[in-house]
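>>> Need coordinates for the below:
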Amino acid sequence: MILLFIGRFQPFHKGHLYDIKNALDFSDKVVIAIGSSQEKNTVENPFSFEERKEMIREVLISNNITNYEIIAIPDINDDNKWVGHVKSIVKEFDIVYTGNKKVKALFEEKNISVREVSFLNDINATEIRKRIKNDEDWEILVPIEIVNYLDKISGIQTIKSINGKARK
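I've put the predicted structure just below:
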C-alpha cells in the first residue's frame with residue numbers, strides 16, 4: 001500500500017518523523033507531498049521546496065528509511081480542484097495521511113480514504129518557528145539533522161529576518 005503524507009514541513013520535526021515511522025508500519029511506501037512548494041521567505045513558509053526536501057531526506061537517511069519519495073505540490077488556491085491537482089502530480093497512492101482537517105475533508109469529499117496522523121504534544125512547525133523567533137528552546141522539537149541543516153543554511157536568521165527580528 002502507498003501512503004500519501006501531505007504537509008508543509010516548515011520545518012520538518014519529530015512529529016513528522018514519528019508519523020512517517022508509524023505510516024511505514026501499515027504501508028509499503030510513503031509519498032511525502034510538500035505542500036505550498038512554491039512558497040519561501042514568508043512567515044508561514046520560510047523555507048523553499050528544495051530546502052524542505054533536503055531536510056526531510058537527511059533525517060530519513062539517518063533513520064535508515066528508504067521506502068519514500070518526496071514530491072512538490074504547488075498551491076492552486078482552488079479547493080474544488082485541489083484534490084484533482086494533487087492526484088495529477090502524485091499519480092499513485094492508496095490512502096492519504098494528514099493532520100490537516102481541511103485536507104482530510106477535501107479528500108473524503110472525493111471518496112478517498114484518509115487516516116489522521118497522531119500529533120505529539122506541543123510539537124508543530126508553527127510552535128517551532130515561534131520559539132526560534134523568540135529565542136526560546138526549539139531544538140528539542142526537531143531531529144538533530146534539522147538543527148544542523150538550519151545552521152548550515154542560516155535558517156534561524158531567515159526566520160528571524162522574515163519576522164523582523166534579525167540580529168545585527
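
>>> rest of the way, CA atoms for contacts and neighbours
Will do.

>>> Would you confirm that Lys53 contacts Ile70?
Yes. With contact defined as Cα atoms under 8 Å, Lys53 and Ile70 form a contacting pair (6.7 Å).

>>> For the two, indicate the residue with more neighbours.
Lys53 (21 against 18; other Cα atoms under 10 Å).

>>> From the structure, what's the count of residues near Ile2?
The number of residues packed around Ile2, counting by other Cα under 10 Å, is 19.

>>> Report the contact partners of it.
27-31, 92-95 (Cα atoms under 8 Å, 6 or more residues apart in numbering).

>>> Can you say which of these are buried?
Buried residues within the contacts of Ile2, counting neighbours by 16 or more other Cα atoms under 10 Å: 27, 29-31, 93, 95.

>>> circling back to that earlier point, overlap in contacts, Lys53 and Ile70.
If you check Lys53 and Ile70 against Cα under 8 Å, 6+ apart, the residues they both contact are Ile34.

>>> and the gap between the closest residue to Pro143 other than its chain neighbours and Glu127?
Counting by Cα to Cα, 6 or more residues apart in numbering, the nearest residue to Pro143 once its immediate chain neighbours are dropped is Lys14, at 5.8 Å. Taking Cα to Cα, to the nearest Å as the measure, Lys14 and Glu127 are separated by 13 Å.

>>> Show me which of these two is the more surrounded one.
Taking other Cα under 10 Å, Lys14 and Glu127 do not tie; Lys14 has more neighbours (20 against 13).

>>> What are the boundaries of the strands in this protein?
If DSSP state E is used as the criterion, the strands of the chain fall at 2-7, 29-35, 68-73, 95-98, 114-116.

>>> ok, and what's touching the second one?
Strand 29-35 is contacted by residues 1-9, 20, 23-24, 49, 52-53, 67-75, 93 when judged by Cα under 8 Å, 6+ apart.

>>> Are any of those residues buried, and if so which?
2-9, 20, 23-24, 49, 52-53, 68, 70-74, 93.

>>> Sounds good, over and out.
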